[in-house]
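Asks: Sequence and predicted model, in that order:
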Amino acid sequence: MKPVDPRLLRRARGARVFLAASVLIGIASGLLIVVQAILLARGIAGMVPVADGGTGVLRGDAGGGEAGGGVPDGGLLGGGLLGGGLLGGGLTAVALGLGVVVVGRGLLVWGQEVVAQRAAAAVKSTLRRQVLEHSLKLGPVWLSGERSSALTTLLTKGLDDLDPYFARYLPQLVLAATVPAGVIGWMATGDLIAAGTVVVTLPLIPIFMALIGWATQAHSRRRQHALSVLAHHFADVVSGLPTLKLFGRAKAQESAVRRVTDKHRVASMSSLRLAFLSSFALELLASISVALVAVGVGLRLVDGKLGLETALMVLILAPEAYLPLRQVGMQFHASADGVAASEEVFRILETPLPERGDRTDVPDLRVSPLQLYDVTVRYPGRDEAALDGFDLDLRPGEVVALTGPSGTGKSTVLAVLLGFVELERGVVVAGGSAADEFEPTVWRRQFAWVPQRPGLRMGTIADNVRLGRPDASDDEVRLALIAAGAGELELDKPVGEQGQLLSGGQQRRVALARALITDAPVLLLDEPTAGLDPDAEATVITGLRASGRTVLMVAHRPALIAAADRTVTVGTRELVNA
Ligand SMILES: Nc1ncnc2c1ncn2[C@@H]1O[C@H](COP(=O)(O)OP(=O)(O)OP(=O)(O)O)[C@@H](O)[C@H]1O
């Protein structure tokens, strides 16, 4: 995993603003850490009685070049910043200064938290919107391949895992880039050897982190995968519970769920094990490094090569150089799941969209014919073609039935016309122009589609019919329902999730009313009368013919086939005229 995914910055403006604010906050934090160490060193050194006096006189501010019984004080704090203005007022000034630094650091942490939470919320909502828009453009065929529950998990829990990435990892990463540089620079002016020790040992931490990172990435992906399998399995079991009970297989699902849950548990535990191990390794490394600095400083202090105040300042600063890097390591694990989710998001966003033109002057299919020439479709991952060299000539106003054995490609013909699938060969022509020259949304306005699964959404019957035309009046909704043979249904009747409060036949008729209420000149219907009784079927057929629109319908039932002007058989290359 890269420390910062450039795609995240490119795609989400919130992330760029956040990073810029974090850098400013990081620089300010680095400065405050150095000032705090200097003040602490000055304060502590000031409280140590001077060796030659022994009378309880405190070593006040070390304004001079010599301090602590003639021990030279490196000159760092001697006449510079501190000795001059900042600490002129002795211990009171030190205490005051420390108070200001503590408050300042607190404010910076608060500011960082606020900026991070806002950025996380903004980035998550941007990515969610982009993925949804892109998925819609990729179309229902792509969505059916991409397991919908995996997408749901990704867009909910998956992206929420980005919170620690923004709130903890990125700010820490910025601190890791700014604070050690400032700290080492300041240390170098007081004790070059200590600064050199830190410079040599510090890179070990990122090297270890990178090694651990490689191992973590694979674990994180495995965990993400286990989670989406779990979500998919649960969704399947819950929706299929009545069927499973009927066939006495509900109990058997327990062991399947246990197996999937166990996989997820094992993946989570191994992620945690790795996180604990890596924290331990990084802590150990940092502690040994600080100890090395401390031993060196101690020896030079005893030898009289270093002043007490400088030695204290170096000792206080040394852990601060390692701390941000160590914490980056820890936060890296907390945010690894979010980063894995964002990679999945980019995988979807980088799936190329089918090439389509941008013409908006789609020929009016009320008067223009629609033709398919030699259309061949092969679904991704399938060897055999779903549709092979298919031809069709659909003239305005005619009602055509598509027939043929199951699985020969009838629904695929409708998907081709709607632009949901890529053609391997052939062309769709409308009024003399190829369909792929037109902007997809404008092209699809020519069609109303009733798929095999009606796809109703939560709300009332009227809400669902109005999806076809949002400004339709109650009377228009009622007329559409009557034409679809569903006149008995109340407009405000709730349909439930995916229409579950309606019977199969009722769902189909509501979906048909939704298509009839549109202004689209062509109706594409996938077995519109399946599940209807003969009377309702006759009403539907009358409604379809009365609409005067061009109708292309997948039909198995004799009454529907008989109602068509002609029949086209899919799967053989013959055209059968009724
Ligand atoms: N999204 C998809 N991904 C992969 N293969 C698919 C997909 N949709 C359909 N197929 C395959 O393409 C072939 C044609 O399917 P299609 O649904 O068009 O047939 P159909 O004639 O409408 O069948 P039915 O009458 O049973 O509804 C089938 O072999 C099917 O398995």
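Replies: Looks like it arrived, so ask away. Numbers count the residues shown, from 1 in each chain.
Asks: what ranges do the strands span in the stretch 251-400 of the chain?
Replies: For the stretch 251-400 of the chain, strands defined by DSSP state E, counting those that start in this stretch occupy the ranges 370-377, 387-394, 399-403.
Asks: Wasn't residue 525 part of a strand?
Replies: Yes - the assignment for residue 525 is a strand, going by DSSP: H, G, I helix; E, B strand; the rest coil.
Asks: can you tell me which residues contact it?
Replies: Residue 525 makes contact with 449-450, 512, 515, 544, 551-554, according to CB atoms under 8 Å, 6 or more residues apart in numbering. Placement of C-beta: from N, CA and C, glycine included.
Asks: And for residue 428?
Replies: Taking CB under 8 Å, 6+ apart, we find residue 428 in contact with 370-372, 375, 416-417, 434-436.
Asks: ok, of these, which come out buried?
Replies: Among the contacts of residue 428, the ones that count as buried by 16 or more other CB atoms under 10 Å are 370-372, 375, 416-417, 435-436.
Asks: which among these gets closest to the ligand?
Replies: residue 416 (9.5 Å; CB to the nearest ligand atom).
Asks: how many other residues sit next to residue 243?
Replies: Residue 243 has 10 neighbours, counted by other CB atoms under 10 Å.
Asks: and residue 31, how far is that from residue 198?
Replies: Using CB to CB, to the nearest Å, residue 31 is found at 18 Å from residue 198.
Asks: between the two, who's got more neighbours?
Replies: Taking neighbours as other CB under 10 Å, residue 31 and residue 198 compare with residue 198 leading, 22 against 16.
Asks: out of the strands of the stretch 251-400 of the chain, nearest to residue 140?
Replies: With CB to CB, the closest approach to residue 140 among these belongs to strand 370-377: 14.3 Å.
Asks: if we can go back for a sec, which one of the contacts of residue 428 sits closest to residue 228?
Replies: Taking CB to CB as the measure, residue 228 sits nearest to residue 416 out of these, at 30.4 Å.
Asks: Would you confirm that the closest one contacts residue 422?
Replies: No - applying CB atoms under 8 Å as the test, residue 416 and residue 422 come out as separate, 9.4 Å apart.
Asks: which neighbours do those two share?
Replies: Common contact partners of residue 416 and residue 422 (CB under 8 Å, 6+ apart): residue 377.
Asks: For this protein, what lies in contact range of the ligand?
Replies: Proximity of the chain to the ligand (CB under 6 Å from any ligand atom) is limited to residues 141, 144-145, 379, 382, 386, 406-412.
Asks: what residue ranges in the chain score low on pLDDT?
Replies: For the chain, the stretches flagged by pLDDT under 70 are 1-3, 49-89, 145-147, 149, 572-578.
Asks: Following element in sequence after the longest helix anywhere in it, please.
Replies: Scanning the chain for the helix with the most residues, using DSSP state H, yields helix 90-145. Next along the chain after helix 90-145, taking DSSP states H and E as the criterion, comes helix 148-153.
Asks: Quick check: which helices or strands does that next one pack against?
Replies: Packing contacts for helix 148-153, counted by 3 or more CB pairs under 8 Å, 6 or more residues apart in numbering; DSSP states H and E, involve helix 90-145, helix 204-239.
Asks: Tell me the gap between it and the middle of its chain.
Replies: Averaging C-alpha positions (CA atoms, centre = their mean, to the nearest Å) puts helix 148-153 11 Å from its chain's average.
Asks: quick one on the thing from earlier: out of the residues of the chain next to the ligand, which are inside helices?
Replies: Using DSSP H, the residues of the chain next to the ligand in helices are 141, 144-145, 410-412.
Asks: Now tabulate the helices and strands packed on helix 148-153 in JSON lines and tack on mean neighbour count.
Replies: Shown next, in JSON lines, are the helices and strands packed on helix 148-153 (neighbours: other CB atoms under 10 Å):
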{"stretch": "helix 90-145", "mean neighbour count": "16"}
{"stretch": "helix 204-239", "mean neighbour count": "17"}
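Asks: Tell me which of those lies nearest to residue 566.
Replies: Closest to residue 566 of those, according to CB to CB: helix 90-145, at 27.3 Å.
Asks: So which elements touch that closest one?
Replies: helix 6-11, helix 13-47, helix 148-153, helix 159-160, helix 162-164, helix 170-190, helix 308-349.
Asks: what do you get if the cut-off is 7 Å, keeping everything else the same?
Replies: Counting contacts by 3 or more CB pairs under 7 Å, 6 or more residues apart in numbering; DSSP states H and E, helix 90-145 packs against helix 13-47, helix 159-160, helix 162-164, helix 308-349.
Asks: what about the third one, distance to the chain center?
Replies: The one in question is helix 162-164. 11 Å.
Asks: Pull the residues that contact it.
Replies: Residues from elsewhere that reach helix 162-164, judged by CB atoms under 7 Å, 6 or more residues apart in numbering: 120, 123-124, 331, 334-335, 338, 341-342.
Asks: Pick out whichever of those sits closest to residue 288.
Replies: With CB to CB as the yardstick, the closest approach to residue 288 among the contacts of helix 162-164 comes from residue 331, at 21.8 Å.
Asks: how about the helix or strand residue 198 falls within: buried residues?
Replies: Using DSSP H and E, residue 198 sits in helix 192-201. Using 16+ other CB under 10 Å as the test for burial, helix 192-201 gives 193-195, 197-198, 201.
Asks: Walk me through the domains of this structure.
Replies: Here the domain assignment for the chain is 6-349, 370-576, based on automatic domain parsing.
Asks: Please identify which of those domains is closest to residue 363.
Replies: Going by CB to CB, the one of those nearest residue 363 is domain 370-576, 2.9 Å.
Asks: most neighbours, which of the residues of the chain next to the ligand?
Replies: When neighbours are counted by other CB under 10 Å, residue 410 leads the residues of the chain next to the ligand with 26 neighbours.
Asks: Roughly how far does that residue sit from residue 273?
Replies: 53 Å.
Asks: circling back to that earlier point, JSON lines for the buried ones among the contacts of residue 428, including distance to residue 402?
Replies: Formatted as JSON lines, these follow (distance: CB to CB, whole Å):
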{"residue": "370", "distance to residue 402": "13"}
{"residue": "371", "distance to residue 402": "15"}
{"residue": "372", "distance to residue 402": "11"}
{"residue": "375", "distance to residue 402": "13"}
{"residue": "416", "distance to residue 402": "12"}
{"residue": "417", "distance to residue 402": "11"}
{"residue": "435", "distance to residue 402": "18"}
{"residue": "436", "distance to residue 402": "22"}
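Asks: Which one of those residues is nearest to residue 398?
Replies: Closest to residue 398, out of all of the buried ones among the contacts of residue 428 and judged by CB to CB, is residue 370, at 10.4 Å.
Asks: list the contacts for the closest one?
Replies: Contacts of residue 370 (CB under 7 Å, 6+ apart): 394, 430, 522.
Asks: Is residue 421 in contact with residue 377, as I believe?
Replies: Yes - counting by CB atoms under 7 Å, residue 421 does reach residue 377; the two are 5.3 Å apart.
Asks: ok so, going back, same list (the ones in helices among the residues of the chain next to the ligand) but as CSV, adding distance to residue 479.
Replies: Output for those, formatted as CSV (distance: CB to CB, whole Å):
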residue, distance to residue 479
141, 33
144, 33
145, 38
410, 29
411, 29
412, 33
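Asks: Farthest-apart pair in those, please.
Replies: Among these, 145 and 410 lie farthest apart (CB to CB), at 19.6 Å.
Asks: Of the contacts of residue 370 - the most surrounded one?
Replies: Top of the contacts of residue 370 by neighbour count (other CB under 10 Å): residue 430, with 22 neighbours.
Asks: Need the phi and psi values for it.
Replies: phi -130, psi 120 (degrees, to the nearest 10).
Asks: wait, doesn't it sit right on residue 367?
Replies: No - taking CB under 7 Å as the definition, residue 430 is not a contact partner of residue 367, at 10.9 Å.
Asks: Which of the residues in stretch 374-391 are classified as buried?
Replies: 375-379, 385-388, 390.
Asks: scratch that, stretch 475-495 is what I was asking about
Replies: Using 16+ other CB under 10 Å as the test for burial, stretch 475-495 gives 477-486, 489, 495.
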